[in-house]
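*Asks:* predicted model and sequence below, questions to follow.
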Amino acid sequence: MRNIPPKHNIIPDTRSRFSPHYPSRVIGTPVQTLLLILTYWAMQVIAALAFKWGSGSVDPQYARVRWVIGFVGGNAVGITSIVFLMWLFELLNVNVAYGIGVGGAFLLAQVAMAVIYRSRLSALQYAGLAAMTVGMLLLGLGGAT
């Protein structure tokens, strides 16, 4: 009897390319996770800065154009960043991914706004930023359940 090769599997592979079990994974999951988080954070900060930039025109002649550019640019970057958050959901516990992703983006956007626009933060506001950082660390170190 001759050997008959196995038939091709007609059921598609539903594993994500970011899954640790995906066969053609090129880079390690911890590095990939870190890159996804940093990219998501950077894109969210850029989106927040674009919104602020669009809202702050001094010259009334260009106020509407600047507003539209800030609105469209901020949304283009912000909406696209959600793809990275969704990929994080595939790698981490959803609560950890959302808490670290959104919490870190909010925290970094606050710091970027304060630095770039020279906004003075009170001691209580600094305490709030520190509390958010501690909360994100506790959430991340708590492990998946």
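*Replies:* Right, received. Where do you want to start? Here the structure is a predicted model, which is why all the values come from computation and not from measurement.
*Asks:* low-confidence regions, this structure specifically.
*Replies:* 1-28, 143-145 (pLDDT under 70).
*Asks:* hmm, try it at 80
*Replies:* Counting by pLDDT under 80, the chain shows low-confidence ranges at 1-29, 57-58, 142-145.
*Asks:* which single helix of it contains the most residues?
*Replies:* helix 63-91 (DSSP state H).
*Asks:* the helix or strand that comes right after that helix vs helix 63-91, what angle?
*Replies:* Using DSSP states H and E, the helix or strand that follows helix 63-91 towards the C-terminus is helix 94-116. Helix 94-116 and helix 63-91 meet at an angle of 150 degrees, taking axes from the mean of the first three to the mean of the last three CA atoms, to 10 degrees as the criterion.
*Asks:* the helix or strand following helix 94-116 - contacts with which helices or strands?
*Replies:* With elements assigned by DSSP H and E, the helix or strand that comes after helix 94-116 is helix 123-141. Under the contact definition 3 or more CB pairs under 8 Å, 6 or more residues apart in numbering; DSSP states H and E, helix 123-141 sits against helix 94-116. Where you see a C-beta, it was placed from the backbone N, CA and C, and this is true even at glycine.
*Asks:* which of the residues in the helix it packs on are buried?
*Replies:* 96-97, 99-101, 103-110, 112-113 (16 or more other CB atoms under 10 Å).
*Asks:* name the residues of stretch 53-73 that come out as buried.
*Replies:* Of all the residues in stretch 53-73, those buried under the rule 16+ other CB under 10 Å are 53-54, 57, 66-67, 70, 73.
*Asks:* list just the nearest of these to Ser119.
*Replies:* Ser119 has its nearest neighbour among those in Trp53, at 14.5 Å by CB to CB.
*Asks:* so which strand or helix has the spatially most central residue of the chain?
*Replies:* Among the residues of the chain, Tyr40 comes closest to the average C-alpha position under CA atoms, centre = their mean, at 2.3 Å. Using DSSP H and E, Tyr40 falls within helix 29-55.
*Asks:* residue contacts, the closest residue to Val68 other than its chain neighbours?
*Replies:* Among residues not flanking Val68 along the chain, Gly54 sits closest, at 7.4 Å (CB to CB, 6 or more residues apart in numbering). For Gly54, the set of contacting residues under the criterion of CB atoms under 8 Å, 6 or more residues apart in numbering consists of 66-71, 73-74.
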